[in-house]
Every structure is written in C-alpha cells, then in structure tokens.
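Visitor: got a structure for you, letters missing:
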Ligand code: ADP
Ligand code: MG
Ligand code: MG
C-alpha cells in the first residue's frame, strides 16, 4: 500500500480531489505545488495510515517507515539540506490535516529536527538569534503537543527572562537571551519528565507523527466532530513539510489572508501579518498583527506599517498568487503564507469559512462575475446557516451605552449575563440562561462554552483569532481584541473605561460593530433584501416544492408571508382554544353532560373561531390555508387546579363537585392514543360541525381575495372514518354557503399520521382530496416512541450508534419514509394528481426536504422562521 504522497519541487503525487486520502491541507498543498506556486516541499502520510493505526492497536503499517524515509530523502534532495545534519540541517513542520478543516483542533509542531547540534549548525549558516529563537519555539511546542507538558511553565520562564531584561516584546531578546531561555526550557523538561528533551531527530519525528494521530481522538476533536457531524472513521492525515522561516529578521514575515472579507463578503483582500514571526504568532494574539493592505491600515487608523508598504514587491507577487488561487478554486480562499528573507511561500489554502451574510454575498458576487453559475451559487449556501440572517441586530436608533470596543469579529447581536468561564457558560446555557462568555482569549478547550453562549467577547486576539474563527463558524456574535477591558477572573469581574461589570450582570454585544454595550438593548428584525432576496429569487426559480408555514396566530402568519411562505400548511385550531377567556367556554363544553350542554358552550366559541379565521384569511390573501380540526386529547383542556374548576363552575352555574366527577371520568391512561384527533369529531360531531361552520362563515365574511380553505381531519385511520368526516364537512359547508349565497372554493383532506392510514391510503383517498403527512405523530406511532418522553433514552441510542440522528429532527427515511412513500403511491393510484404535503417538524429540515422532493410531494410546511431555509433546501433538492 502507498501510505506517503510527496509534494513540492515543481510537482506533486496528489491533487485537490484527493481530500479523503490526503486530508484537506495535504490535498491543497499538492494542488498548489502542481500549479507551480511556491510551496515548501514535503509529503503527506495518508488518512488510511491513521485508520490502520487505530484498527491495529496503535501500530503503524509495516511499510510506513521506509516510505517516510523515502519521502524525507526527496525533500532533502529538493532543499539541499539533510535531516539531522549538524552542518546543514533540514527542519520540518509536522501538521495534522483531516478531510474537513477542524480549526485549532489538532496541533502543529514547527522547527522539528533541532537539537543542541543542529541549532549550532543553523546558527552558523544563518544567524544565532534566529536559530535559538527557533529552538525555543520548537522545545515549547514539542513539549506541549507531543510530551504533554503545559504551555504555562514555558511562558513563566520566558516572562521571567523578559522581566529580568526589561523587555516588553519577544523581538527585543538577543541570541544570548534565547540561549538562556533554551537552557531553562530544557531544564524544565528534565524536571517535569525526569528525562531530557529528545535530541534524536528521528525520535522527534515519530513522536510528532504519533501525537497527530493521537490528537484525532482527543476530547476537543471528538467534541468538534460531534458538533459538525464528522465521522470518526475519516481519520487525519499528517503533513511533514520543510520549514520556511518568517522569523529571519525584518525581511521575513508570516500571515493569513482571505481573498474576500469572511465577515461581510466584501471583495477585497483581507488579513493580517507579522514581521519577524512564525506561524502561530498571528493567530495566538501574542502581538497585535498588522494589516495586509495600505487601505485597510488607513481604515483601521492603524499606525503599524502594512505588508503592502513594508514589502511592496513580495506583496505584488502575493496578490497575484492569491488571485490565481481564487480563480482556480472558484471560491473565497483562506490562505497561510510566510515570507523568508524576501521570498514568498504558500503554506495552506482552503475554501474559507464565512458568515452566512458573507456566504450570500460571495456566492451572488461570484455568480455576477461569471466565475460560478446561479445553480452553483444556490448549492453553496448551507440552508441552515440562513438562520443567522433571520435573527435580530441592534436597533440603529437605540441609545448605546458603550462599555468598550474591540474588533467586529462575528456579526449579529446578543444580550446575556456575563460569564467568565466556559464550564459555567455551559451549565447556565443548559439551564436556559442567555450568557455572554467573556475571556482574555479562547482556546479549543472553551468550545463547549462558546457553543452554550449567545455571544463571545475576548480582550485579546485579532480577526483571525481562535475566538473569531469559531464564533463565525457557529454563527455567534463575537467582539474580539477588546483591549480596553481588563478581566479579573478571581474577583469575577471586568473593568473597562473606569467601570466595573460583574459576573451575572447583563450586557449586549454588537458583533457587527465590535462594541460591548451595557444592559439589554433594543433589537430590530433583519432586512430580507439585497443579496438575500437575490439568492432566494434564484432558489425560487428552480425549486419544484412549494413552501408553506405552520401558523395559527396573526403574528406567525405575517412572519411567514414576510419570509415567503406560499400558504399555511398547518393551522392548529386547538391553539386558538387556549386563548384568554376562551378556555372557560372550552372547559364548559368538555365538561358538559350531554350534547345540548356542549352545543350551548360551542355557540359561545363559534364567533371567536370565526373571527380568528377571518383574520387569518385576510392576512393570507387567497393563499391556501390548511385548517386542522381539533386534535389533542380532551384531557389537555381539563381544569388543572381547584381554582380553575371553581371558575368553570361560576361561569356556567354548574355544580363544582359534579364538574369534578366529570373531570375524573374524562381522565385517560394513555391520552396520546386515546380520545383525540378525529375521534373527537366522530364521538362529538357537534365540535367539528362548529369548527367547519366557523371556517365557512369566515370565508364568506372575509373581504378582499377569496380564501381557499383546506379542511383537514387529524388522526384518521380508516376509509370509513374519512367518509364519515367528509360527509359531515360537506353538509355544514353546503348549509353555510346556501345561507350566505356565497360559493367557497374548498377541499377536504386528512393527515397521514398512523401506519394504518399510510398502508390503507387508497381507502382514505376515496373521500380525502389531499394528504398532509404529520410526520411528528407518524414518527411517534411508527416507532412507538413518545416524542415527549424520548429525551430520556434517545441519547443512549445515539451514543450507541443505534440511531444516527434524532428521528424527530431528521425524518427516518427507511421506516417512516417508507410509509410516506407507500401512502403517496397508494393515494395517487386511487386519486391521480392528489395534492400532498408534509407538515411535521421535518418540513424545515433540509435532509428531510430532499426526501420530500424525491417522493414527489407538492409542498413542505414548517415554522415561519424556517421558511427561507426550506425554500433554499427545496431548490437544492431540485438541482
Ligand atoms: P492549523 O491547521 O492549526 O492552522 P497548520 O498546520 O496550518 O495548523 O500550522 C500552524 C501554523 O504554522 C500556520 O501559521 C502555518 O502557516 C505554520 N506552518 C506550518 N508549516 C510550516 C512550515 N513548513 N514552515 C513555516 N511555517 C509553517
Ligand atoms: Mg493552518
Ligand atoms: Mg398529529
């Protein structure tokens, strides 16, 4: 088996299409080499080697040693240096790289191959200060990543030296100083481990390779994989690459760049760099990075020189390369580069992570530039990410009490209580509290806390710091590098501009402006225009599935239309029953002894229901409105307390003890399988008759566009049941239309939410004119799992791999989906062209929407805020 693929020196064994085998980083290093870009030579150990390693009790494949030696020999040939050679040492970086980028999850070791002898050789060839600066970096990184020692002890040693020397920045230290730091570092390793820092470059190399493989299984990596649905079976590749040095003086530098702004999408080179520095210095926030372009520097009011000004020739070349990369990959690139004594090297490129807003702008712009097609633009937007755009931002007219300012690292706004610790953030977040995580800086250990927080603030770090990158990925607003705030974790407070803010106090962050505000601030709903409207227009043009909303309140109905809903797919009438003083009339009806008593109560409810429907029909302006007749078990409406019971007694003049007895009679052991759904309409037809009457009277009353009600009967199981309900509906409809002398365009149909209904769909379709798949109940009844109680055991099923996903979130296509397919087929065989849709939670889930497209349903219906997501997902499903 081939476990090693080389790159650099004007060619490569692999290419960008081989991400599965080489990981993203390795595949793109190969691609860049093949494009003739300046990439330091190296080789990639495949993800298959990682999988082999884990499948065989942490043993490397037998051929690996020889293949690595061969790879290394090639690199030695191209660079003219030798690994472990004191005269002319080759140094390498050892970098992890999985198929999907996992920022900060895996650790990289730089300057590997240095020891007491090679450092001397390096010093002789170049510069002593540089050599020892590199050596101390290597000892610290290797000790941390491979030997498992804490960074902290090394930082303390360095700080002691800096204090002693009165130096404020690392660059002020001389060769002698670094030599002393190195000696102390080595002593610290000996102290902690009881053995010296490894001097043998081969031992160093294999130690690092092992550490990369091991990091695939560390807790941070596992958490990240769970969060992003990355399978463990992918494994990680290892990249071993000859070092280039950004820390060789003032003509050297290191930096990161995005070909477009990852926050706004603006088409302009964007990024940061540091002169005389190495790799991680930029992201770690050790020094404040400098701008790449003069324009960006001027805009930020930054006094530090930009790359464009500091090294104009290299910058011109860099701009060229960056343009080549974006055109080649046809997408915004996230790039790492290093300049070694005036020579540019490319160290990484990948499709850059971006906010939803930026993703939209970039996709729309690239389509306008002719780089990609409209269809490609549609496919590039993750439907779920639109959620970020549908959420509020701070009202421009609100008064802003600015506590401190930092960088606008991730847009959007959030209000919450101050928390200084990731675990605490997680704890409070799980308890349903809105919290803002406030940290000096974040590291991968904080991810769970960032996830639980509504927003993130850091005192240090730039736009590409860990906090910024992760927050953008999660869609959390973030202000980074708010240097004005001083955090005192022990006192549980931060100070800024002479004020104090304690843990638990409420603040608001404006991630779009980079400001921290005191208290909670008025927010405004998002603007659904511009790029959003453009892309949604393109999506609407290609999708076949219609998108409706589940809505019963006027507010929800208006939101739904604003988001582009093409009708209401589910109006749950019981929600209307709970409102205000209606519940008293509803209880009177339920507790009535006989039909006459029920009719008296229903007469009180009728005008209220009618008014609801008039409003709903007016808002929907002729769009279809599917109204589900009363569905929940009657017992849900029962008075819960003695007080409730007294109130009913008083309102109706009925005897309280008699009412109590009746309430007891109505008690059910298994209400979800009890007296509910259309069973209510069969046993107490006067309830459904009242509802149908309310609907039709409303349809006659409404002014403006004629409404198109679709009357839907829930929980039907048998053809005979449906026939009975159809006749009941038609009878009342006819009566009302005759009374009013108005014709209403209506249909009568059923939900499919019982396995029997799906199997006997042909019988139902004899009288039902449409089907709506109620996949919440259908999932519940198919699995026999109560969705209200599944939380207690479902996690165990997911952890044990029995369930892939929560079937209440993503449709179980094999089982529940099969029933849907069967019902659709049998229904259409009976009634060709029959209208069908889905109205469960799944109607807003992109994977489930793709399934609906496949089965050929006519529409999906979801909650109003998911309508844009569904429109986009439906378009993607159609492509
Ligand atoms: P991550 O995935 O966390 O970004 P990387 O492997 O990309 O980790 O490397 C971390 C940093 O080290 C980056 O800034 C990268 O540019 C730098 N780096 C990696 N390999 C080399 C190398 N061979 N020479 C110089 N710098 C390197
Ligand atoms: Mg990187
Ligand atoms: Mg149901």
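Guide: Good, I have the coordinates. Because the structure is a prediction, the values reported are computed rather than measured. Numbers count the residues shown, from 1 in each chain. Ligands and ions are numbered 1, 2, ... in the order given.

Visitor: Mind giving me the packing neighbours of whatever helix or strand residue 362 lives in?
Guide: Residue 362 belongs to helix 356-368 when assigned by DSSP states H and E. Contact here means 3 or more CB pairs under 8 Å, 6 or more residues apart in numbering; DSSP states H and E; on that basis helix 356-368 packs against helix 374-380, helix 530-542. The C-beta positions use only the backbone N, C-alpha and C, and glycine is treated the same way.

Visitor: Figure out which of those is closest to residue 488.
Guide: Checking those against residue 488 by CB to CB gives helix 530-542 as the closest, at 41.8 Å.

Visitor: Contact partners for the spatially most central residue of the chain?
Guide: The residue lying closest to the centre of the chain (CA atoms, centre = their mean) is residue 474, at 4.9 Å. With contact set as CB atoms under 8 Å, 6 or more residues apart in numbering, residue 474 has these partners: 450-451.

Visitor: The same query, at a cut-off of 10 Å, please.
Guide: 227-228, 388, 410, 447, 450-451, 453, 456 (CB atoms under 10 Å, 6 or more residues apart in numbering).

Visitor: Return the closest of those residues with respect to ligand 1.
Guide: Comparing the contacts of residue 474 against ligand 1 with CB to the nearest ligand atom places residue 447 closest, at 14.1 Å.

Visitor: In contact with the closest one, which residues?
Guide: Residue 447 neighbours (CB under 10 Å, 6+ apart): 104-105, 219-220, 223-224, 227, 422, 426, 466, 470, 474.

Visitor: For the stretch 701-850 of the chain, which residue gets nearest to ligand 2?
Guide: Using CB to the ion, the closest approach of the stretch 701-850 of the chain to ligand 2 is made by residue 846 at 29.2 Å.

Visitor: so what's that residue closest to, chain neighbours aside?
Guide: Distance criterion CB to CB, 6 or more residues apart in numbering; nearest residue to residue 846, sequence neighbours excluded, is residue 873 at 3.8 Å.

Visitor: Only the buried residues of the helix holding residue 362, if you could.
Guide: 356-367 (16 or more other CB atoms under 10 Å).

Visitor: Poorly predicted segments of the stretch 301-450 of the chain, please.
Guide: Applying pLDDT under 70 to the stretch 301-450 of the chain picks out residues 391.

Visitor: typo on my end, it should be the stretch 151-300 of the chain
Guide: Flagging of the stretch 151-300 of the chain using pLDDT under 70 yields the residue ranges 283-286.

Visitor: Please tell me how far residue 512 sits from ligand 2.
Guide: 26 Å (CB to the ion, to the nearest Å).

Visitor: what does residue 610 give?
Guide: For residue 610, the distance to ligand 2 - CB to the ion - is 64 Å.

Visitor: so that residue sits right up against residue 603, yeah?
Guide: No. Checked against CB atoms under 10 Å, the pair residue 610 and residue 603 is beyond contact range at 11.6 Å.

Visitor: quick revisit: could you provide the buried residues of helix 356-368 in CSV, with additional columns for distance to residue 738?
Guide: CSV is the format used below for these (distance: CB to CB, whole Å):
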residue, distance to residue 738
356, 53
357, 55
358, 59
359, 56
360, 52
361, 57
362, 59
363, 55
364, 54
365, 59
366, 60
367, 55
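
Visitor: For residue 60, state which of those is nearest.
Guide: The closest of the buried residues of helix 356-368, once distances to residue 60 are taken by CB to CB, is residue 359, at 39.9 Å.

Visitor: Packing partners of the helix or strand that contains residue 779?
Guide: Using DSSP H and E, residue 779 maps to helix 775-783. Packing partners of helix 775-783 (3 or more CB pairs under 10 Å, 6 or more residues apart in numbering; DSSP states H and E): strand 747-752, helix 755-759, helix 816-830.

Visitor: Of the ones you listed, give the one that comes closest to residue 56.
Guide: helix 816-830 (38.0 Å).

Visitor: which helices and strands sit right next to that closest one?
Guide: strand 747-752, helix 755-759, helix 761-765, strand 770-773, helix 775-783, strand 835-838, helix 846-855.
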